[in-house]
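A.B. asks: turn this into a structure:
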Amino acid sequence: MTDTLRLLMPQWQGGNNPAYAFGARLLAWLAPGADTTTVQAEVPVEVENGRELLPENGVVAQSVLLRQLRSAAKIIDAYQPERIVVFGGDCLVAQAPFAYLNGLYGGKLGVLWLDAHPDISNPGMFWHEHAMVLGNLLGEGDPKFAAEVKIPLRPELVMYGGLCAASAQETEIIKRLQLRKATAAELAVDSAPILEWLHANQIERLAIHLDLDVLDPRFFRALLFAQPDGTVIDAPHGEMTLQQIARIIGDISRETDVVGLAIAEHLPWDALNLHNFLAELPILKR
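C.D. replies: As a prediction, this is how the structure comes out:
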């Protein structure tokens, strides 16, 4: 077995936004260097080719995303890591590693979902797979993706942090599954709600999903909600800060074994625009 696997998965089709691929690569580059017990791998992802992604069974690019999910699972199975860090990409990048870790640790994996949005939709509610990933891991969501999860997460071992809003249908699912949650305001000054959940459920191993859109776009600009062209996204945005997230993860790491981290939906607009600008300069094309 490998101690830690760092997995780069520049997947963009789950949110139908090619900029997610650039964000994933920059995120992996920004991360501190790995030690000798860590291996690094990249999931092959189909590049944007200008063709429109079409819905299949109510889901945009479903077959492409299934192929990429299975590729990720195959890489993980080859290394058999004890811990996984994933640099994404859209939120769907969390499915393969979290499903693997839950199987590895006997169905007792705790999952903290740091996200402004609940990610428990299904094809009857929404058409982008990245909004279904936690549902898939719980054995619901998109049936084709849920079927790829050998051992679904236990609802009592899942908690939201920083959740801002959910649709009426998503709210009903959260209530039915009795998923715990703490708002940004409840986590603003301490991590007590999460630590209480950890202790109450005796969670010994934990995976953390960090969708960067849990952050407040007033203070962190590399988000979908902070496009420099003034585009307005009609959806709730996050209200947390990097300092709060760092404190939460630090507090958690002193109480339990963090075996998984998936970081998703990094959209570094200035870096992307500068990259595209440089690509147009004749002297740099020589």
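A.B. asks: now the residue minimising distance to the centre of the chain: how far from Lys108?
C.D. replies: Nearest to the geometric centre of the chain sits Cys91, at 3.5 Å (Cα atoms, centre = their mean). Using Cβ to Cβ, to the nearest Å, one gets 23 Å for the distance from Cys91 to Lys108. In short, each C-beta sits where N, CA and C put it, glycine included.
A.B. asks: same deal with Leu157?
C.D. replies: 7 Å.
A.B. asks: show me which of those two is the more surrounded one.
C.D. replies: Taking other Cβ atoms under 10 Å, Leu157 and Lys108 do not tie; Leu157 has more neighbours (22 against 15).
A.B. asks: need phi/psi at that one.
C.D. replies: phi -100, psi 20 (degrees, to the nearest 10).
A.B. asks: that one: what's its closest spatial neighbour, skipping adjacent residues?
C.D. replies: Spatial nearest neighbour of Leu157, chain neighbours left out: Gly110 (4.6 Å); criterion: Cβ to Cβ, 6 or more residues apart in numbering.
A.B. asks: the one you found pairs with what?
C.D. replies: Gly110 has these beta-bridge partners by DSSP bridges: Leu206.
A.B. asks: test my guess that it contacts Arg205.
C.D. replies: Yes. With contact defined as Cβ atoms under 8 Å, Gly110 and Arg205 form a contacting pair (6.8 Å).
A.B. asks: count of residues packed around Asp251?
C.D. replies: As a burial measure, Asp251 scores 15 neighbours (other Cβ under 10 Å).
A.B. asks: for Val258, same thing?
C.D. replies: With other Cβ under 10 Å as criterion, Val258 counts 18.
A.B. asks: repeat that for Phe225.
C.D. replies: Using other Cβ under 10 Å, Phe225 has 20 other residues around it.
A.B. asks: for the one 10 residues further on, same thing?
C.D. replies: Neighbours of Ala235 under the rule other Cβ under 10 Å: 12.
A.B. asks: you'd agree it is in a helix?
C.D. replies: No. Read with DSSP: H, G, I helix; E, B strand; the rest coil, Ala235 is coil and lies in no helix.
A.B. asks: so it touches His117, yeah?
C.D. replies: Yes. Ala235 lies in contact with His117 (Cβ under 8 Å); the separation is 7.4 Å.
A.B. asks: shared neighbours of the two, anything?
C.D. replies: Ala165 (Cβ atoms under 8 Å, 6 or more residues apart in numbering).
A.B. asks: what segments of the stretch 101-250 of the chain are helices?
C.D. replies: With helices called from DSSP state H, counting those that start in this stretch, the stretch 101-250 of the chain shows them at 133-137, 143-146, 168-177, 192-200, 242-253.
A.B. asks: just put those helices in TSV and tack on distance to Thr2 and mean pLDDT.
C.D. replies: Listed next are these as TSV, based on distance: least, Cβ to Cβ, whole Å; pLDDT from 0 to 100:
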stretch	distance to Thr2	mean pLDDT
helix 133-137	22	98
helix 143-146	25	98
helix 168-177	33	98
helix 192-200	26	98
helix 242-253	20	98
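A.B. asks: the closest residue to the residue nearest to the centre of the chain other than its chain neighbours: how many residues sit nearby?
C.D. replies: The shortest distance from Cys91 to any residue other than its chain neighbours is 4.2 Å, reached at His130 (Cβ to Cβ, 6+ apart). By the measure other Cβ under 10 Å, the count of residues near His130 is 30.
A.B. asks: wait, what's in contact with His130?
C.D. replies: The contact partners of His130, by Cβ under 8 Å, 6+ apart, come to 14-15, 90-92, 119, 264-265.
A.B. asks: of all those residues, which comes closest to Ala192?
C.D. replies: Set against Ala192, the nearest of those by Cβ to Cβ is Asp119 (24.1 Å).
A.B. asks: thought the closest one was touching Met125?
C.D. replies: No. The pair Asp119 / Met125 is not scored as a contact, 11.5 Å apart, by Cβ under 8 Å.
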